[in-house]
Every structure is written in structure tokens, then in C-alpha cells.
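Q: sequence and predicted structure are below.
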Amino acid sequence: MTKNPLIVFLTDFGLQDPYVGIMKGAVLSIDRKAVLIDITHAIEPHNVVQGAVILSAAYRFFPKGTIFVCVVDPGVGTRRRILCVRTRDYYFLAPDNGLLDAVCGQEKKVVARSVVNQKYFLPGLLSATFHGRDIFAPVAAGLAKGRARPEDLGPVIAYRPRLKLPVVKKSRNRLKGVILYFDRFGNAITNICRSDAREKFWAEAEVRVRGHVLGKLRKTYGDWARTAGALFGSADRLEIAYPCGSARKKIPLKAGEEVTVTATVEASGC
């Protein structure tokens, strides 16, 4: 393992409660030199799909050897397993609920283990409601400090996807997708990616959602005013936005709604 790897957090805990600080304290009580970084703690409560998509967009921008602590865990305390997944360059600790589905779908080399060795858990009473403190944080610290290796944590298991992530439906000149989640600005993030069609298709494409024709794709959030529009965000996912406002509220929109993209040229061939 990389010397002094980063420990990076993604949770739905928010910052109003003490949970994030407590997790970091649990890490630092084991490894005072640990470097702790946050992706986000603003995943919508229990929204595993949002967590999976955001994690898959973010992890590749971190150094090799980074340990990701991912806790969006509505099944905490139940019989669901805790996973340690090793890819070619990274380590992930997460509940076995689909939070790592998008990452594992992108990676060619994936070795998953069930974390069962209580030697690396926080000593004392194991809370049924806060595995982030009692299991995820101390296990991450043990890996970072070199006290534990992945093979010490538990047996190898087959990684099985848990989420039914919606698939983009493709026809000759049309793509149909859905809104996955909304960011802080009210932009609707869809499952449609730039790679789903040829650039020639995108040059002619028009976007529709909930009866609204949004017109051709824009390049920036400042390319239009006082109306909703569509563009590709930094993760190359199609977004529906409302400049200086919230598309979620203005249209309004909700997760799961269908988004249609049509053009006069074929979408296939990419």
C-alpha cells in the first residue's frame, strides 16, 4: 500500500450533527498523521444511487492508494455486509448495498472482501446504528497506518451489483434517460452521458422533459437566461439547468422523470 495514503469520505451525514467529526476523531485516535479529505457529506439521506454516481465521478481524481470511506447506509446494523474493495489503484470501504456499483462497473480489476475481523474495529461496544465510527473509520485507519492489510479483514467474495441503475434507451435518432438526482443548485443530473452518442448527434440534439422543449445543448450555464436548458456538466452527464435559479423548482422536476434527446442524425456508431 502507498505510504501515508489519503482517507477520503463520502456520506449522507450532513454537517449539522456530530457524526462526521466523530468518524474523523476515530481515525485520528489510531493514526494521528492521517490526511483526511471529504468528497461530500451532502448526499441526500439514504440516496444510494446519488452516492454511487457521485463517487464514480470523483474517485479517479485522487492519488493512487487513496482509501475511500463511503457511508450511505440505510441498512446499518442489519445483516448487510461491509465491503473492502480493492481496484488497481484504490481501496473502498462501503456497505454492500450498491454504493460501489458504478465504481466497480468502471474498473477492470476488482477484489472484494467481507469485513468481518473485529480485531480492527473500534474497541468496546459496537453500536448497531453507527458503523461509520465503530467499523469504517478504524478499519480505514488500520489500512492507512499499515496495521491491517485487505487480506486481514475477511474472506474474498464475489462482488454482485445491488442497484438497478437505469439504462439509457437508444433508438436510431433518440435517447431516453432519466433524472438521477439534483445538485445543490437544483440542476437535474441525468443518466445520459456524452459517450452515449456521436458528437454529430449532439450537435443536432434537442432535449425534452415534462413537456418542455429545451432546445439545443448549451456549453455553459451563462449561455442563456430566464429559461431552462440542457448541457453537459463536468462529469460529462447531461444536466438540465436554470441560470441563476433551480431547474428542480422552476419547471419543476423530480428524480426518475424521463428525459428525451432527439436529433435528425443517428445516435449509434460511437
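A: Now that the structure is in, tell me what you want to look at. Only a predicted model underlies this, so the values are computations on that prediction, with no experimental measurement involved. Residues are numbered from 1 along each chain as shown.
Q: pretty sure residue 152 is in a helix, no?
A: Yes - assigned with DSSP: H, G, I helix; E, B strand; the rest coil, residue 152 falls within a helix.
Q: residues in contact with it?
A: Contacts for residue 152 (C-beta atoms under 8 Å, 6 or more residues apart in numbering) come out as 117, 119-120. Glycine gets a C-beta too; all of them are placed from N, C-alpha and C.
Q: whichever of those end up buried, select them in PyMOL.
A: Provided next is the PyMOL selection string for whichever of the contacts of residue 152 are buried by 16 or more other C-beta atoms under 10 Å:
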select buried, resi 117+120
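Q: dump the contacts of residue 152 into TSV; add secondary structure as well.
A: Below are these laid out as TSV (three-state DSSP):
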residue	secondary structure
117	coil
119	helix
120	helix
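Q: quick one, what contacts the nearest residue to residue 202 once chain neighbours are set aside?
A: Nearest non-adjacent residue to residue 202, counting by C-beta to C-beta, 6 or more residues apart in numbering: residue 217, 6.1 Å away. Residue 217 makes contacts with 202, 205, 207, 230-232, as judged by C-beta under 8 Å, 6+ apart.
Q: repeat that for 6 Å
A: Neighbouring residues of residue 217 by C-beta atoms under 6 Å, 6 or more residues apart in numbering: 205, 230-231.
Q: with residue 35 instead?
A: The contact partners of residue 35, by C-beta under 6 Å, 6+ apart, come to residue 6.
Q: show me where the stretch 1-150 of the chain has helices.
A: Taking DSSP state H, counting those that start in this stretch as the test, the helices found in the stretch 1-150 of the chain are 19-28, 48-58, 101-106, 131, 137-145, 150-153.
Q: distance to residue 165 and mean pLDDT for those - can I get that in CSV?
A: Formatted as CSV, the helices of the stretch 1-150 of the chain follow (distance: least, C-beta to C-beta, whole Å; pLDDT from 0 to 100):
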stretch, distance to residue 165, mean pLDDT
helix 19-28, 27, 98
helix 48-58, 7, 97
helix 101-106, 7, 95
helix 131, 24, 98
helix 137-145, 26, 97
helix 150-153, 26, 97
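Q: please identify the deepest-packed of the ones you listed.
A: Neighbour counts (mean count of other C-beta atoms under 10 Å) averaged over each of the helices of the stretch 1-150 of the chain peak at helix 137-145, with a mean of 25.
Q: let me see the residues that make contact with that one.
A: By C-beta under 6 Å, 6+ apart, the residues outside helix 137-145 that reach it are 5, 7, 23, 26-27, 30-31, 34, 67, 69, 93, 120-122, 148.
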